[in-house]
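In: Just a sequence and a predicted model for now, questions to come.
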Amino acid sequence: MAAEPSTAPRSLASALRARDDQWLAVLLRRRPDLLTPVPLDIGQLAARAATRHSVVRVLDRLDRLHLQVVDALVELPEPVTYDALRGLLAIPAEVLRPVVDRLGDLALLWGPDEELHLVRAVRELVRPRSGSPSIVELQPPAPAPRRRELASADRTATMAATETVRRVEALLEHWAAEPPPRLREGGVGVRDLRRTARALDLDETTTALLVEIVHAAGLVALSATFDGDWLPTPAYDAWRREPVAQRWTVLGEAWLSTSRAPALVGERDDRGRPAPALAPGLDLPPAADIRRVTLEALATLPAGGAAELAEVTAVVGWHRPRRGGARRDALVRWTLREAEALGVTGQGALASYARALVRGELAGCRAALDRLLPVPLDHVLLQADLTAVAPGPLRAELARELQLLADVESTGGATVYRFGADSLRRAFDAGRGAGEVHAFLRGASRTPVPQPLSYLVDDVARRHGRLRIGSAAAFVRCDDESVLAEILSDRRSRGLLLHRLAPTVLAAQVAPETLIERLRSMGFAPVVEAADGSVVVPRTAQRRAPARPQPQPSPGQRLASDDTVAAAVRAVRAGDRTARHRPADAPPLGLARSASMQALATLQAAALSGESVWIGYVDRHGSTSERVVDPIRVDGGWLTAYDHRSGEVRTFAVHRVSAAAVLS
Amino acid sequence: MTEGPLIVQSDRTLLLEVDHELAEDCRRAVAPFAELERAPEHIHTYRVTPLALWNARAAGHDAEQVVDTLLRYSRYAVPHGLLVDIAETMARYGRLRLDKHPVHGLVLHALDRPVLEEVLRSKRVAPLVGARLDDDSVAVHPSERGHLKQVLIRLGWPAEDLAGYVDGEAHPIELRTQDWSLRPYQREAADSFWHGGSGVVVLPCGAGKTLVGAAAMATAQATTLILVTNTVAARQWKHELLRRTSLTEDEIGEYSGQRKEVRPVTIATYQVLTTRRKGVYAHLELLDARDWGLVVYDEVHLLPAPIFRMTADLQARRRLGLTATLVREDGREDDVFTLIGPKRYDAPWREIETQGWIAPADCVEVRVTLTEHERLLYATAEPDERYRLCSTTETKTRVVESLVARHAGEPTLVIGQYLDQLDDLAARLDAPVVKGGTTIRERERLYAAFRAGEIGCLVVSKVANFSIDLPEASVAVQVSGTFGSRQEEAQRLGRVLRPKADGRTARFYAVVARDTLDAEYAQHRQRFLAEQGYAYRIVDADDLLAGDEA
């Protein structure tokens, strides 16, 4: 801060304002929480940088040396001078200067050497300790590395890396076939995880780790259905096509940066329930940071060096003293265990390609791993006990084909496949032919194909597809083969989609009725066969409705009585009158209730006077009719009246009466 | 990347590339702690089991050696978890020790007290131990020695048995090697058995297991109880012992259904030992009749379950198991290991064959296509009749006839399962038949005649599966078998594997009806042989009859 302008800034904001853009960019990169949302101006940036919340984040990531300097700054009265700080701390200048600069770069400390200000939140968060400052630990503890031969460590790690990639593929293939449902509270059920672990022949801890990683890598997601199943994503299909090194790098990167702690899966909560994988509760904010610091601690060791857990824990403890003790130590332990399982480390030493991964050089990691991977083989060893042994990783297309033809019996550095009738049938079902399989086996094996294997292929091929199943809508049978040949060759039969099943049987894809009709039109005389083969003789060709009970005659169909006839006449008359007496000013029918108020009055008046009234009425179905009625009473929205047309007393809904006029 | 011959798989199997230049060294190095599972032509499969690791510990190998062997020969990196696991598994051995105690006889002593506390809390251990002597030891009744060891292995804390063996009643036995000598592997087998104390020797049929037994007896110089499968086998043991050792007729007793002789060397059948009268084993006292110094179990893979239980009481005596295969159809291989002892010696068939001690064999599966009529009959048969039907078809009989005719002049065995089929075959081939009902005397007469070359062809039922000695059989034709029994197949192949005077290749035909259960079972049986390195050649019966195939 010696380069500060002579006029001391009066606030953090003005201190920040004085910095150049590049400096600000570095600050934002180091404190990414300041970026969301993007601050409007420097003032806002400074305010946010000074909040407790944000300051805690920075402090949590400071190592012991920095924190000790912060302690001293807190203890000294504000404003602090650099010299006072030096006086308090017995630290050589070449160590102290960068620390102070860094605190400034993190926007925790501002002002020139003569007038250093600590952001207030820091003072609130770091309690000044009574007495003299503790003994300063300038350096992290240095683990005594146990030397591993780098090549050997790399080999172990590469092996684990290959295994990881293979297991992830097996995991996702398994889930694609049997997707585990999402739990109500999110995640994958304990039982589903156990089942998956069993299918993969893994322990549950490793399975949970892989599940969490594939999720972090975006290779698995919930399906779009309401309840949701865990399914591989399209990203998985792309991932699967990548070379092994790239695939591993994707997984390694996902593991390195996930804020979740897969090791928490299965840990019991307060109520004794084990935590499911992919559940929301597994996020541990310091997880990613501690993981990285742990691996960086390993990276400081010479190539091929491994360290004891306690040593690594101590180093991480020095770098992140403010992170919770037990959880932090657990995270270190988990990180080392997971790193070994994933192939980030081998025999406890950081693999050479993983160094690039920790540095964030993904391309370098990929290339380094690629160099270490054994060259994929293009052949297998076929044996008379019907196994094929691939003494190393196989080329992808060869592996895929073998997986189709045979069942995997054992995996590891080599893969053992076993051929069986079932596995070969699977291949034939997938469309392989016997000749194709033979050719493939000959091509894949350097030694002659064992005879029992070729016999097995032939045996299964011979039996495969011997029974044929299809569907037909109808069939034509004829003992005379020539008749069927004639039908087939007739141009008019084309629409029937006929197919000759046997010399005496044709299958058709149209309904039997259509078939009969068409064959008749072609001059044949077919008969219909029942399911048991007997001939069905149709009684008549006339069409009939299905049988139903005889309906009761409606009143109108009964022999009309005189009364009825009289009523009918009355109705006709009424209808007639209706037409005649339609008032000239009556609204056109169907014009709703535009005049309903008036209609109501008319009806009420008529009910009192006993006059006949012409009404327009809209029934429940919306059809309109005209009637002549003698209103009896009007109440509750209902009109009770003698209807001239039906000759009986009926009720009408007043709101459906579109118009009413008194007949004179 | 080292180019070792071994590939270590994550499921604890080891794949050994046979053609690799280091393969032989590697085989020797892994044999103490891994069981050979399969030995087909290119890649042999070994499996590392806890039991095998503990056996290795018992034989004086430590985890470091095992790990070192894996690392040295492995082509790829060895999964770290496996190495840790091996170390941990092996470290479990010997935390508990069975010691002799001057006062209490037998004592279970703990080098690791929590382990003792753990096992003593097991319900299965509690009834087997006596009073607690001090913090670290507990008394054990000598008769529970075997049970306790078995239970401790199940609990994962195998005890190191330092209680030793009783010498037994001394009895002089010498090998009389004027006109013959032990083959190197027989010597090795007997020696490694003796150094191990107790255990199993696995040698192929025809490799002379009886002589390994005799050599062990000569080393023990003590009274011996020999347990065999049946009376014929008992007679053969006796015959062999008389010929090869200094033992005389008076010193060897037969304890069978017919005779009950207890002599310094007593040969008893499994059957007589397991005979029960009124719910109790009537002949159990035989086991204590003398102070046996050695107990030999012939065909240990056939050992019936009651004998297992009896064996548990015999832990203070040296026990030798002899077998051609540790494949037990009941899957109780582990019991053999725990009660008789670990595998002390084994040699793959192929190896002994290349050394010339057993005849090279040509296994041929003859595929027979059934006639339309037979297939129809088969297709419509009741499920439980099907196997019988397809394995006894007329078409197969005709093929057998022509095979026997082809090998006229060579000693030929026709082996089958169904008696009426065998009778029918015997009549057509004009050959005598040996089956369950044949008297011992008649059997021995027929065997002798066959051996002498007076009879060229013998039809045998499954009674002849075990322990018959037909030195000059060079052709075997199998027409039907006990469903998919693998060890039966091994035994039957063994019939023809004894070396021939003229160094001829033995022929083993299996006549199989195509597309039936017969073929399915045949495949299952043959898998075992393929895993032993004996691949079947498949020949179509029609080609064979047409003479295309010599």
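Out: In hand now; what should we look at?
In: Tell me the residues of the stretch 51-200 of chain B that contact chain A?
Out: The stretch 51-200 of chain B comes close to chain A at residues B:74, B:75, B:76, B:77, B:78, B:79, B:80, as judged by C-beta under 8 Å from any C-beta of the partner chain. All C-beta spots, glycine's among them, are computed from the backbone N, C-alpha and C.
In: Most neighbours among the residues you listed, which one is it?
Out: For those, the largest neighbour count, defined by other C-beta atoms under 10 Å in any protein chain shown, is 26 neighbours, found at residue B:77.
In: show me what contacts it?
Out: A:152, A:155, A:156, A:157, A:158, A:159, A:160, A:346, A:413 (C-beta atoms under 8 Å, 6 or more residues apart in numbering or on different chains).
In: Please repeat the previous calculation with a cut-off of 10 Å.
Out: With contacts defined as C-beta atoms under 10 Å, 6 or more residues apart in numbering or on different chains, the neighbours of residue B:77 are A:151-160, A:162, A:343, A:346-347, A:412-413, B:1-2, B:8, B:71.
In: same thing with residue A:141?
Out: A:297, A:310, A:311, A:312, A:313, A:314, A:315, A:317, A:318.
In: Could you break the chain into its assigned domains?
Out: In the absence of a named chain, this looks at chain A. For chain A, the structural domains run A:12-125, A:146-372, A:381-463, A:474-530, A:572-662, going by automatic domain parsing.
In: meant chain B, my bad for not saying
Out: B:6-91, B:96-161, B:184-352, B:359-546.
In: how about the ones you listed in JSON lines, adding mean pLDDT?
Out: Output for the domains of chain B, formatted as JSON lines (pLDDT from 0 to 100):
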{"stretch": "domain B:6-91", "mean pLDDT": "87"}
{"stretch": "domain B:96-161", "mean pLDDT": "86"}
{"stretch": "domain B:184-352", "mean pLDDT": "83"}
{"stretch": "domain B:359-546", "mean pLDDT": "82"}
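In: Please enumerate the helices of the stretch 401-550 of chain A.
Out: Remark: helices assigned in the stretch 401-550 of chain A by DSSP state H, counting those that start in this stretch are A:421-429, A:434-444, A:451-463, A:481-489, A:512-521.
In: Mean pLDDT and mean neighbour count added to these, as TSV?
Out: Putting the helices of the stretch 401-550 of chain A into TSV (pLDDT from 0 to 100; neighbours: other C-beta atoms under 10 Å in any protein chain shown) gives the following:
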stretch	mean pLDDT	mean neighbour count
helix A:421-429	90	17
helix A:434-444	92	16
helix A:451-463	88	18
helix A:481-489	88	14
helix A:512-521	87	15
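In: ok so, going back, pipe the domains of chain A into a markdown table and attach distance to chain B per row.
Out: Shown next, in a markdown table, are the domains of chain A (distance: least, C-beta to the nearest C-beta, whole Å):
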| stretch | distance to chain B |
| --- | --- |
| domain A:12-125 | 31 |
| domain A:146-372 | 4 |
| domain A:381-463 | 3 |
| domain A:474-530 | 19 |
| domain A:572-662 | 68 |
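In: closest to residue B:473 out of those?
Out: domain A:381-463 (24.2 Å; C-beta to C-beta).
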